[in-house]
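# Need a 3D model of the sequence below.
(chains A and B)
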Amino acid sequence: MALFEILAYLAIGVGVMIAIGSVTFIGPSQLSVLRENWRFRLREVSPYLGLLAGILAINKVARQVGPEISWVVGLNITSYIYRIEGDFVAFVQSIATDQLTVYFSFIYLYGYVFLLVFPFILTFALRETKYLKQTAVAFALNYSLGLIFYILFVSYGPRNLIPDLVDPLMYSMYPQSQLLTGEVNSNTNVFPSLHTSLSVTVAYLAWFTRDRFPYWFVTSCFLAASVVMATMYLGIHWGTDVVAGTILGLGSVHIARKHYEIFEFLRVDLWSLPVFNRLR
Amino acid sequence: MPPDPSSAPAPPRALSRRTLLAGLATGSLAATSGCIRQLRTLANRDAPDQVSLEIKTAPADADPRSIYIARFLSSNLNAVGIETSIVPMSLEELLRDVLLNQSFDIYVMRHPRTASPNFVYSLLHSRFDAEPGWQNPFGYANLGVDDMLDEQRTQSGDAREATLHEIQSAVARDQPFAPIAIPDEIRATRGDRFSGWSAADMHTLLGYLRLRPTTTETPEQPQNGPTNETTTETSQQTTAPPLRMTLKDPRATRNLNPIAVEFRGDGDITEMLYDPLARPIGGDLVPWLAHEWSWVDSDTAGPAVEVTLREDLLWHDATPLTAADVAFTFDFLRDTSGGALDSPVPAPRYRDRSTLVTQAVETGRRTVRIEFEPVSREVAQTAFSLPLLPKHIWETKTGQATIAGLDTIGGVTEALIWSNSNPVGSGPLRFVSATDGESLTLAPFDDHFLTRDVSDGPLAPFQGGFEPSELEFVVVPSDGAALALMEQDDADATASPLGAESISQIGQSDVLRLHVSKPTSFYHVGFNVRQSPLSNPRFRRAVAQLLDKQHIVNEVFGGYASAIATPLAPYPVAAPALRWEGEDPELPFPGEDGELDIELAKESFRSAGYRYNEAGELLRR
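A predicted model of the protein is given here:
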């Protein structure tokens, strides 16, 4: 099946990126930290990872029924967005070349997945667990707030409303990629851009560990900027989605850093689970 | 133009109120008493608003043509001072809003394929104004047209043709909708596994029944097993391969209710599951489940017919199909509540045909007598193509529809909202499985009459029924993805038609073959005639004029379409006065090659009685 093939490519590609990233950004000396006390740290952060896993599971289910609910309770804001920004995305696409399309398509699929996965490995390599906890909470906030927006608003991206001006560049060059993105996203969920908010989240979080991982900070900023640009360049998102996504991303990090500890209560319950007893 | 009483009053003007309060606040009440009266008179008048219209249509993913047409219309409407917004909606939601809820100003859509010109009866007759479905979604009412529509049903031959010509002229003048173009249907096949593809009816039951496997598949054999006589024999027991089609429209994976109008489109999959008494084949109505029919004398004004069914017909659940099911279907389509509710709830689909029948009575196990309205036999027999429904299943769906037992929706029966996710029909294909939004699998029905009845008539090409082992529809997000799957041998052909951009890609491929056909379905722009300003035919004509159909055909359809001025253009009864010769015979575009002559276009609105303000905005009144 074609979808399976695409997934395999994605897994291999991102796997290679993570391997290279681990060596370059974390470094052999810091990687050794991964080996010491990892049980303790895993136990420390497990409630947070559990929270994120729970949110992702809810998201997965809600993304299937969400669009149906949206059509009942949601507001179709596509034309309002268009009225706000007009043909801005078409302006962005005026720089399009085949090379840029290859680059941004790669970023949109591979770069984005790498950007999402790598921070967990990176922060796990730190002795302090708070960075990993904050990352998990910030991600959970992104996904849950994003889901609420997706249910409240129905909106189609520029490629669906103004196809005479905006080309679905990635889907034209790699038609199979739409099989994959179609599995993950509904075409009525573009406001806000979760690609943007999560990328901004990662880059903003990288700022706080910049002393430890200066190269990662620079790289994540560059990757995040590329993902943000890709969402518009590929005709998938409006500029408005990107602005909203940026606010969502920054807000999520802000809240996560201030209040992440309120989720400590989750640990009490998990602590008593036999699985965690054995880890002790 | 007088203010339209039906339009909602504009909200009170904040500005005029503030002006009034400011006047009071000055304290010079006495001095301004005369002025106040004037102010009040002014404040209580609604200031003229700019005309603003909403255009509903499907997003580019579902139908790129419609959104282009909507964009073209929208930009020209803006140019003549009318504010517009385009609202993209999923196909189901769009059809719900337009056909069921009648909540729209303008829509752009494709009318489904039709089998006979008779469809204009329900499309245009004012008696269907209040009914949901593809019957008069516009709310069009012209008593003269009504009379002619009734008249043509009783006529035949030249007389009927003359009446149909008149109807077309009257409707072209009134423009309850603007017919745009009939697109060529472009499809691709892989030639290696099946033969018998024909462009004209590829994604239809008859098209699928014509296919013959060119290869056979060997069931998987263990590679390292002992190779003796027995296994060699088993390996020769081959089966036909499954047929895998790509589908862009996922609606059939969610709903297989043949009468649910918002889920049904062209070449619909339910026609493969539900057999009629007769099917139109090569321009003739050929007995299908009916063995034969004979016209009989009737006591009523209309004709009557006695239909005899074939022997030993079965539903997919092995229940015998009898005359009782036929009689039930004709009654049921006219009233899905089975007489249980105060007023009948007709099925919103097939109204052009279900309204022909007055009564159907079973006269034997295999015979049924059908009585018709006073219509000609030529028109009456189109009712034989209605899909037959199993009584034992559908008679349980006649109750009023409720939401989780909380609320009752008046005038809607369970039959209309039922998703029918495990359909029991009698067609040559039966339902196997479906995954929402992903795939749908059908398989040959072994007890179908085509597998046993031998005939050398028009049914001969379909002898034996459906030959591939399965018919699988895979939902794809785009034309590009469909072609990619075919190139990788994950699909055999495209069920949904492709855009003209795909042609070059098909041409460059070694394995894909191109098929182009001219169907009867047409793109059109529909107007909601129930509300101002679209209730004004002069206004509608001025709007319809903004559509440069020839330009749309060239640019949007890449030339693979025919511009039209009447929905009956593909039929021999098309009005000669409305024939397309380079430009619209009724409403020529003011401008050239899609470039609008704005002043000329504005003049049409002015002469329809509308005014412009200094900003160039067209005012509501």
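
# Would you mind measuring the gap between the ends of stretch B:495-514?
Distance between the two ends of stretch B:495-514: 13 Å, counting by C-alpha to C-alpha, to the nearest Å.

# To clarify, my last question referred to stretch B:289-304.
Stretch B:289-304 end-to-end distance (C-alpha to C-alpha) = 19 Å.

# can you check stretch B:427-447 too?
Terminal residues of stretch B:427-447 lie 10 Å apart, using C-alpha to C-alpha.

# Tell me the pLDDT of the residue nearest to B:Glu151 when sequence neighbours are not counted.
Leaving aside its sequence neighbours, B:Glu151 sits nearest to B:Thr163 (C-beta to C-beta, 6 or more residues apart in numbering or on different chains; 5.5 Å). No exception for glycine: its C-beta is placed from N, CA and C like everyone else's. B:Thr163 carries a pLDDT value of 96.

# What's the local residue count around B:Thr163?
Applying other C-beta atoms under 10 Å in any protein chain shown, we find 20 residues neighbouring B:Thr163.

# how about the helices in the stretch 151-280 of chain A?
Secondary structure of the stretch 151-280 of chain A (DSSP state H, counting those that start in this stretch): helices at A:158-161, A:169-173, A:177-184, A:194-208, A:214-233, A:239-259, A:265-271, A:274-279.

# which of these sits most buried?
Neighbour counts (mean count of other C-beta atoms under 10 Å in any protein chain shown) averaged over each of these peak at helix A:158-161, with a mean of 27.

# That one vs chain B: in contact?
Yes. Counting by C-beta under 8 Å from any C-beta of the partner chain, chain B is contacted by helix A:158-161 at A:Arg159, A:Asn160, A:Leu161.

# Quick one: list the elements packing against that helix.
helix A:78-85, strand B:83-88 (3 or more C-beta pairs under 8 Å, 6 or more residues apart in numbering or on different chains; DSSP states H and E).

# could the helices of the stretch 151-280 of chain A go into TSV alongside mean pLDDT?
Putting the helices of the stretch 151-280 of chain A into TSV (pLDDT from 0 to 100) gives the following:
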stretch	mean pLDDT
helix A:158-161	92
helix A:169-173	86
helix A:177-184	80
helix A:194-208	96
helix A:214-233	95
helix A:239-259	95
helix A:265-271	61
helix A:274-279	59
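
# Can you read off the pLDDT for the residue in the stretch 101-250 of chain A positioned nearest to chain B?
Using C-beta to the nearest C-beta, A:Pro175 is the residue of the stretch 101-250 of chain A that sits closest to chain B, at 2.9 Å. Note for A:Pro175: predicted pLDDT of 83.

# Return the residues in contact with it.
Going by C-beta atoms under 8 Å, 6 or more residues apart in numbering or on different chains, A:Pro175 touches B:Ser478, B:Asp479, B:Gly480, B:Ala481, B:Leu483, B:Ala484.

# now do B:Ala347
Residues counted as contacts of B:Ala347 (C-beta under 8 Å, 6+ apart) are B:Ile259, B:Phe332, B:Leu333, B:Arg334, B:Thr336, B:Ser354, B:Ala415, B:Leu416.

# A:Gln134 now?
Neighbours of A:Gln134 in contact, by C-beta under 8 Å, 6+ apart: A:Leu205, A:Phe208, A:Val253, A:Ala256, A:Arg257, A:Tyr260.

# I'd assumed A:Asp211 was in contact with A:Phe217.
No. With contact defined as C-beta atoms under 8 Å, A:Phe217 does not count as touching A:Asp211 (9.1 Å).

# Now for residue 85, how many residues are close by?
You didn't say which chain, so I picked chain A. Using other C-beta under 10 Å as the criterion, A:Glu85 is surrounded by 16 other residues.

# Chain B, not that one
Residues near B:Ser85, counting by other C-beta under 10 Å, number 17.

# so how far is B:Leu619 from it?
Going from B:Ser85 to B:Leu619 by C-beta to C-beta, to the nearest Å gives 18 Å.

# Could you check the pLDDT of the closest residue to chain B within the stretch 1-150 of chain A?
Closest approach between the stretch 1-150 of chain A and chain B, counting by C-beta to the nearest C-beta: A:Ser79, at 3.7 Å. On pLDDT, A:Ser79 comes in at 92.

# Check B:Arg45 too.
Here the pLDDT value assigned to B:Arg45 is 73.

# For it, give me its contacts.
Contacts of B:Arg45 (C-beta under 8 Å, 6+ apart): none.

# Shouldn't B:Tyr107 be within a strand?
Yes. Under DSSP: H, G, I helix; E, B strand; the rest coil, B:Tyr107 sits within a strand.

# That one bridge partners, please.
Counting by DSSP bridges, B:Tyr107 forms beta bridges with B:Lys56, B:Gly526.

# Report how many residues lie close to it.
B:Tyr107 has 27 neighbours, counted by other C-beta under 10 Å.

# do the same with B:Ala323
Close neighbours of B:Ala323, defined as other C-beta under 10 Å, add up to 20.

# Mind pulling up the pLDDT for it?
Here the pLDDT value assigned to B:Ala323 is 95.

# ok, so what distance separates it from B:Ile259?
Plainly put, B:Ala323 is 21 Å away from B:Ile259 if you go by C-beta to C-beta.

# likewise A:His259?
Counting by C-beta to C-beta - A:His259 and B:Ile259 are separated by 54 Å.

# and the closest residue to B:Ala360 other than its chain neighbours, what is it in contact with?
Nearest non-adjacent residue to B:Ala360, counting by C-beta to C-beta, 6+ apart: B:Phe330, 3.7 Å away. The contact partners of B:Phe330, taken as C-beta under 8 Å, 6+ apart, are B:Ser354, B:Val357, B:Gln359, B:Ala360, B:Ile370, B:Ala383, B:Leu386.

# Try it again at 10 Å.
Counting by C-beta atoms under 10 Å, 6 or more residues apart in numbering or on different chains, B:Phe330 touches B:277, B:353-354, B:356-361, B:368, B:370-371, B:383, B:386, B:388-389.

# Tell me the secondary structure of the residue in chain B positioned nearest to chain A, please.
Chain A sits closest to B:Gly480 of chain B, with a gap of 2.9 Å, by C-beta to the nearest C-beta. Per three-state DSSP, the secondary structure class of B:Gly480 is helix.

# ok, now which ones touch it?
By C-beta under 10 Å, 6+ apart, the contact set of B:Gly480 is A:168, A:171-178, B:498-499, B:501-502, B:505.

# For A:Ala90, see how far away the one residue sitting closest to the centre of chain A is.
For chain A, A:Leu198 is the residue whose C-alpha lies nearest the centre (C-alpha atoms, centre = their mean; 3.8 Å). Distance check for A:Leu198 against A:Ala90: by C-beta to C-beta, it reads 26 Å.

# Repeat that for B:Leu95.
Computed as C-beta to C-beta, the B:Leu95 to A:Ala90 distance reads 30 Å.

# between these two, who's got more neighbours?
Per other C-beta under 10 Å, whichever of B:Leu95 and A:Ala90 has more neighbours is B:Leu95, with 26 against 16.

# for the nearest residue to that one once chain neighbours are set aside, helix, strand, or coil?
Spatial nearest neighbour of B:Leu95, chain neighbours left out: B:Glu262 (3.9 Å); criterion: C-beta to C-beta, 6+ apart. Secondary structure assignment for B:Glu262 (three-state DSSP): helix.

# can you pull the pLDDT of B:Glu262?
pLDDT, B:Glu262: 87.

# for stretch A:19-39, the distance to its chain's centre please.
Distance of stretch A:19-39 from the chain centroid (C-alpha atoms, centre = their mean, to the nearest Å) equals 23 Å.

# One more: stretch B:270-289?
Counting by C-alpha atoms, centre = their mean, stretch B:270-289 is centred 19 Å from the centre of its parent chain.

# can you check stretch A:108-127 too?
In terms of C-alpha atoms, centre = their mean, the centre of stretch A:108-127 is set 10 Å apart from its chain centre.

# what comes up buried for it?
For stretch A:108-127, the neighbour count (16 or more other C-beta atoms under 10 Å in any protein chain shown) marks A:108-119, A:121-126 as buried.

# so for that stretch, what's the average pLDDT?
For stretch A:108-127, the mean per-residue pLDDT is 92.
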